[in-house]
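1. Next come a sequence and a model predicted from it.
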Amino acid sequence: MTLKTKFQLSFMMFLEFFIWGGWFVTLGTFLGNNLNANGGEIAQAFSTQSWGAIIAPFIIGLIADRYFNAERILGILHLLGAFLMYQMYNADGFSVFYPYVLGYMIIYMPTLALVNSISFNQMSDPAKEFSPIRVFGTIGWIVAGLVISYAFLWDSPEGIQSGMLKNTFLMVAIASALLGIFSFTLPKTPPRVKKDEKVSVSRLLGLDALKLLNDRNFLIFFFSSVLICIPLAFYYQNANPFLSEIGMQNPTGKMTIGQASEVVFMLLLPYFFKKYGFKKTIMAGMLAWTLRYLLFAYGNAGEMAFMLLTGIALHGICYDFFFVSGQIYTDSKAGEKYKSAAQGLITLATYGVGMLIGFWIAGKITDMYLISENVHNWEKIWIIPSLFALVVLFLFMILFKKEEVSYKS
């Protein structure tokens, strides 16, 4: 790649994840404090991510891959996203807000696949070239959190009380418009499937990969992935409201520690994978979820604040050791014929089905332990996903038979 192309792809990744991290982290806090949404309504808002993940294969497989250059549809989707995000900024109630956030996530989730397609199309050796590009996405997420907490103080008690947290939507609307315009300058990425080429709908949507479920180990991994996303949903939905409610200063900025640890453990993953193998590595990821929620349950914003920060820092192990290891395992099981389809299947199972169930459960439990307005029994709320993750860990440990999985860095 030329230096210009590297810059273009890096800036694209930066904005793509700056946009996601710039509003999604503080969504629960905003809805609960500024739109007076209850746990069930907050769960509905977060579930739009899952609906977007479920619908995304249809947009990519049936439309983007057949009729449009990837960079053009990326631009169109982000320009539409800018409009919807601005409407979310202006919403004065949950009933007005919800249709816009649902529409936004339906058009945003496909862009995650599009930025990868655009990047891979410019690479001769993705195994070496993709990570240095993709890391700018993580940096974008971190910068968004730091801007919210330390530059503008939107998530401070005063900022939340005065309604300033809604400015995150305006900030993201501007960033989305910028990426929308910038996308049209990206390298051309033509459709992967010719218009007149006959391809089955099941192949386009990745359903051919369902054949992999005939493998007992993959079937166990598949259902473990769905189940572990239930406690994962608790973190996305409740972590920022929890930290804000108990009085932690600059909660959104401090949550970027999780993304920083993600980068560190991504670099350590090849070592763990080679030394301990797939099963032990993925079990470490599951155990990290249990430990994280125990730290959240018994930590506080005072003397025990280190427990909360440690729980946030465990994000690298939680995400990399389970999800990235799972992607590597899926790739090794799929073979050349089903590589893309298999990755799409796992994404659909986790971010789609698993987290859809998880957000619903998290909303119900959060409402169950509501003590008074915007005051919860967080100890009991966090204990539930901690125990759930531990059960999934034991089931996986007993049922999954050890097998060798090669890792190519």
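-> Yes, it's here. It should be emphasised that the depicted structure is a prediction, and the values quoted were computed from it without experimental measurement. Numbers count the residues shown, from 1 in each chain.
2. For the helix or strand that contains residue 264, which helices and strands make contact with it?
-> Using DSSP states H and E, residue 264 sits within helix 251-298. If you count contacts as 3 or more C-beta pairs under 8 Å, 6 or more residues apart in numbering; DSSP states H and E, helix 251-298 packs onto helix 126-146, helix 216-245, helix 305-313, helix 315-316, helix 325-347, helix 378-399. Where C-beta positions appear, they are placed from N, C-alpha and C, glycine not excepted.
3. least trustworthy helix or strand in the protein by mean pLDDT?
-> Sorted by mean pLDDT, DSSP states H and E, the helices and strands of the chain end with helix 201-204, the least confident at a mean of 61.
4. how does this structure divide into domains?
-> Using automatic domain parsing, the domain parsing of the chain gives 1-194, 206-400.
5. Please tabulate those in TSV and include mean neighbour count and mean pLDDT as additional columns.
-> Output for these, formatted as TSV (neighbours: other C-beta atoms under 10 Å; pLDDT from 0 to 100):
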stretch	mean neighbour count	mean pLDDT
domain 1-194	20	92
domain 206-400	19	91
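6. that older thread, could I get the helices and strands packed on helix 251-298 as CSV with distance to residue 178?
-> Below are the helices and strands packed on helix 251-298 laid out as CSV (distance: least, C-beta to C-beta, whole Å):
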stretch, distance to residue 178
helix 126-146, 12
helix 216-245, 25
helix 305-313, 29
helix 315-316, 27
helix 325-347, 26
helix 378-399, 36
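7. out of these, nearest to residue 152?
-> helix 126-146 (10.1 Å; C-beta to C-beta).
8. Correct me if wrong: residue 390 contacts residue 290.
-> Yes: Residue 390 is within contact range of residue 290, at 4.6 Å (criterion: C-beta atoms under 8 Å).
9. before we move on, the earlier item: for the helices and strands packed on helix 251-298, which one sits closest to residue 85?
-> helix 126-146 (13.2 Å).
10. ok and the closest one relative to helix 251-298, angle-wise?
-> Per axes from the mean of the first three to the mean of the last three C-alpha atoms, to 10 degrees, the angle that helix 126-146 makes with helix 251-298 is 90 degrees.
11. Following the chain onward from helix 126-146, which element is next?
-> Downstream of helix 126-146 (by DSSP H and E), the next one is helix 157-161.
12. how far is that next one from where the chain is centred?
-> 26 Å (C-alpha atoms, centre = their mean, to the nearest Å).
13. what's in contact with whichever helix or strand comes after that helix?
-> Where DSSP H and E defines the elements, the next helix or strand beyond helix 157-161 is helix 167-183. The contact list for helix 167-183, computed with C-beta atoms under 8 Å, 6 or more residues apart in numbering, reads 11-12, 15-16, 18-19, 22-23, 26, 30, 71-72, 74-79, 81-83, 85-86, 88-89, 147-148, 152, 154.
14. hmm, try it at 7 Å
-> 12, 15-16, 18-19, 22-23, 26, 71, 74-75, 78-79, 81-82, 85-86, 88-89, 148, 152, 154 (C-beta atoms under 7 Å, 6 or more residues apart in numbering).
15. tell me the angle of it relative to helix 126-146?
-> Using the same axes, to 10 degrees: helix 167-183 against helix 126-146 is 150 degrees.
16. From the chain's centroid, how far away is helix 167-183?
-> 19 Å.
17. for stretch 377-386, same thing?
-> On C-alpha atoms, centre = their mean, the centre of stretch 377-386 falls 22 Å from the chain's centre.
18. hmm, who's touching it?
-> Taking C-beta under 7 Å, 6+ apart as the rule, stretch 377-386 contacts 231, 234, 238, 242, 246, 290, 293-294, 296-298, 365-366, 369, 371.
19. For the nearest residue to residue 91 once chain neighbours are set aside, give its distance to residue 128.
-> Among residues not flanking residue 91 along the chain, residue 97 sits closest, at 3.8 Å (C-beta to C-beta, 6 or more residues apart in numbering). Taking C-beta to C-beta, to the nearest Å as the measure, residue 97 falls 43 Å from residue 128.
20. Over to residue 256?
-> On the measure of C-beta to C-beta, residue 256 and residue 128 end up 27 Å apart.
21. Repeat that for residue 144.
-> When distance is defined by C-beta to C-beta, residue 144 is 28 Å away from residue 128.
22. now swap in residue 75 and tell me
-> Distance of residue 75 to residue 128, given as C-beta to C-beta: 28 Å.
23. again with residue 285
-> 25 Å.
24. for the host helix or strand of residue 81, packing partners?
-> Using DSSP H and E, residue 81 maps to helix 70-90. Helix 70-90 sits against helix 94-120, helix 167-183, with contacts defined as 3 or more C-beta pairs under 7 Å, 6 or more residues apart in numbering; DSSP states H and E.
25. The residue positioned nearest the centre of the chain: what's it in contact with?
-> Taking C-alpha atoms, centre = their mean, the centroid of the chain lies closest to residue 351, which sits 7.4 Å from it. Going by C-beta under 7 Å, 6+ apart, residue 351 touches 49, 50, 53.
26. contacting residues for the last one?
-> With C-beta under 7 Å, 6+ apart as the criterion, the residues that contact residue 53 are 109, 347, 348, 351, 352.
27. what does the first one give?
-> Applying C-beta under 7 Å, 6+ apart, we find residue 49 in contact with 105, 109, 351, 355.
28. Check these against residue 123 and report the nearest one.
-> Closest to residue 123, out of all of these and judged by C-beta to C-beta, is residue 109, at 23.0 Å.
29. okay but the closest one is in contact with residue 52, surely?
-> Yes: with contact defined as C-beta atoms under 7 Å, residue 109 counts as touching residue 52 (3.3 Å).
30. Any idea how far stretch 283-295 is from the middle of the chain?
-> 18 Å.
31. Check stretch 355-368 too.
-> 17 Å.
32. now swap in stretch 306-314 and tell me
-> 19 Å.
33. thinking again about what came up before, just so I know, which of the helices and strands packed on helix 70-90 lies nearest residue 376?
-> Between residue 376 and these, the tightest spacing by C-beta to C-beta is seen for helix 94-120, at 18.5 Å.
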